[in-house]
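> Let's see this in three dimensions:
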Amino acid sequence: MANSRPTFIVGIGGSAGGLAAYKALLDALPPRTGMAFVVIAHLYPTAHSQLAEILSRHTKMPVSVASRAMPIRANHVYVIPPNADLLISTGNLFKVVSPRSRRNAQVDLFFDSLATAMGPRAIGVVMSGYGGDGTEGCRHIKAGGGVTFAQDVSAEIENMPLSASEAGHVDFVLSPSSISEALQELARPGPAH
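Down below sits the predicted model:
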């Protein structure tokens, strides 16, 4: 753990049907990629979310609900708290704004802050869900030199991943386990991509 700063921060956004996708992605990921993973799910504002607990059964990485000023560490998974906008502030710390500013915009808001904070080391993944949240955020990540993914036809609800890919802001359209393989490829040290 000498270097706990992540090489990349991976934002994983989703809504309806996203849980199966997050679990499949984590099941296929080794625990030590050097990356940090942040799951931005659309949660009901009043929900008592079990998401961190559920996801912890699918990875050896520590899984926790993000909180204000929490440092973002490599080989950790973080989950958005209910009724909040989650952002990254300078120095790889979380910024939590509660109550959330508007409904179903949390993925775009997080991806925008991720693009600003990490530039080419930002990765956005749009999973199953209704609506177009994540599309604008993917545009910002790509504009900053980062990499974007959208879930393929395996998505239970294709609106979110389809919106991002049809807008031309997605580099790869893959299944969750194939996204995991691609992330491992990106994590390997080697010549700059």
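
> CA only for contacts and neighbour counts going forward, please
OK.

> Pull the residues that contact stretch 172-179.
Applying C-alpha atoms under 8 Å, 6 or more residues apart in numbering, the external contacts of stretch 172-179 come out as 21-22, 24-25, 27-28, 148-154, 165.

> 6 Å - rerun?
With C-alpha atoms under 6 Å, 6 or more residues apart in numbering as the test, stretch 172-179 has contacts from 21, 24-25, 28, 149-152.

> any weak-confidence spans in this structure?
1-3, 190-193 (pLDDT under 70).

> mind listing the strands in it by residue range?
In the chain, the segments counted as strands under DSSP state E are 9-14, 36-41, 63-65, 76-79, 85-89, 93-97, 122-126, 147-151, 172-174.

> Using CSV, lay out those strands together with mean neighbour count and distance to residue 158.
Formatted as CSV, these follow (neighbours: other C-alpha atoms under 10 Å; distance: least, C-alpha to C-alpha, whole Å):
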stretch, mean neighbour count, distance to residue 158
strand 9-14, 26, 10
strand 36-41, 25, 15
strand 63-65, 19, 26
strand 76-79, 24, 22
strand 85-89, 23, 23
strand 93-97, 19, 28
strand 122-126, 30, 10
strand 147-151, 27, 8
strand 172-174, 18, 12
